[in-house]
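Engineer: Give me the fold of what follows.
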Amino acid sequence: LTSDTGELKWDLASAGRGVVTVNTPRSKAVLGYATNRVWNLGELTFTPGANQLGWCSLGATLTRGSSFTNDCTALVVASGWWENTGQVWKDANKDSVGNNWGGPPILAEVVPFTLALPVGTNRVAAWALDERGQRKAALPITGTATNAAITVSANAAAIWYEIEVTRYLAGFDLWRSTNFTAAEL
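Structural biologist: Next up is the predicted model:
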């Protein structure tokens, strides 16, 4: 099924293993049985890795800017299995916990993934975020002068990430930034 704008798709080609994709100008996401597959969503390409359920939610949304490739900041969220500490399932089907919800802290699986974008590595920075949304660790950026890839391993100890892409300079702006300091400008 595809929305009238083409921005939302629900793929049930594999019975019982559906995938929903969101591809809007400011938000991109893949949800469902999406692991170990490549998802090209306009400016971003998601490749979620293997996880416990084979199911994940992986998405990015702009918090500043109008494009993922120029002068922007984006929040990325990646989630898979989770449950409360002390939560008790009623049976092996794991379809109900009854009143045994447990409590904090929440136990959450880190979903490994790669996020690629058509921007040179010199313009991209990324961080894993802590539970308060503060930067806790820089993420490695690999690629070339025209493409960057951010790879998050299962050891990242985060489910939230921030990506920053600096402004693309050309023409007069590039000349100014190359030849003058910030104070001179």
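Engineer: C-alpha only now, for contacts and for neighbours.
Structural biologist: Fine.
Engineer: So for this protein, which residue is the most central one in space?
Structural biologist: Residue closest to the average C-alpha location in the chain (CA atoms, centre = their mean): residue 76, at 3.5 Å.
Engineer: so where do the helices sit in this structure?
Structural biologist: Chain-ordered helices for the chain, with DSSP state H as the definition, fall at 171-179.
Engineer: what residue ranges in it score low on pLDDT?
Structural biologist: Of all residues in the chain, those with pLDDT under 70 make up the ranges 169-170, 174, 177-178.
Engineer: sorry, back to before: who's in contact with the residue nearest to the centre of the chain?
Structural biologist: When contacts are counted by CA atoms under 8 Å, 6 or more residues apart in numbering, residue 76 is found next to 58, 59, 60, 61, 160, 161, 162, 163.
Engineer: Which of those sits closest to residue 103?
Structural biologist: Each of the contacts of residue 76 was scored against residue 103 by CA to CA, and residue 160 proved nearest at 21.0 Å.
Engineer: List the beta-bridge partners for that closest one.
Structural biologist: Assessed by DSSP bridges, residue 160 has beta-bridge partners residue 77.
Engineer: Tell me how far it lies from residue 78.
Structural biologist: Per CA to CA, to the nearest Å, residue 160 is found 7 Å from residue 78.
Engineer: Residue 105 - nearest residue in space that isn't next to it in sequence?
Structural biologist: Using CA to CA, 6 or more residues apart in numbering and skipping residues adjacent in sequence, the residue nearest residue 105 is residue 85, 5.9 Å away.
Engineer: Could you count how many residues lie near the one you found?
Structural biologist: Applying the criterion other CA atoms under 10 Å, we find 13 residues in the vicinity of residue 85.
Engineer: ok, it touching residue 100?
Structural biologist: No. The pair residue 85 / residue 100 is not scored as a contact, 10.4 Å apart, by CA atoms under 8 Å.
Engineer: ok so, going back, any chance of the contacts of residue 76 in TSV, plus distance to residue 45 and neighbour count?
Structural biologist: As requested, the contacts of residue 76 are exported to TSV (distance: CA to CA, whole Å; neighbours: other CA atoms under 10 Å):
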residue	distance to residue 45	neighbour count
58	11	26
59	10	23
60	11	25
61	13	20
160	17	23
161	16	25
162	16	23
163	14	22
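Engineer: neighbouring contacts of stretch 112-123?
Structural biologist: Contacts made with stretch 112-123 from outside it, assessed by CA under 8 Å, 6+ apart, are listed as 43-51, 68-69, 141-154, 165-168.
Engineer: Okay, buried residues for that stretch please.
Structural biologist: Neighbour-count burial for stretch 112-123 flags 112, 113, 115, 116, 117, 118, 119, 120, 121, 122, 123 (criterion: 16 or more other CA atoms under 10 Å).
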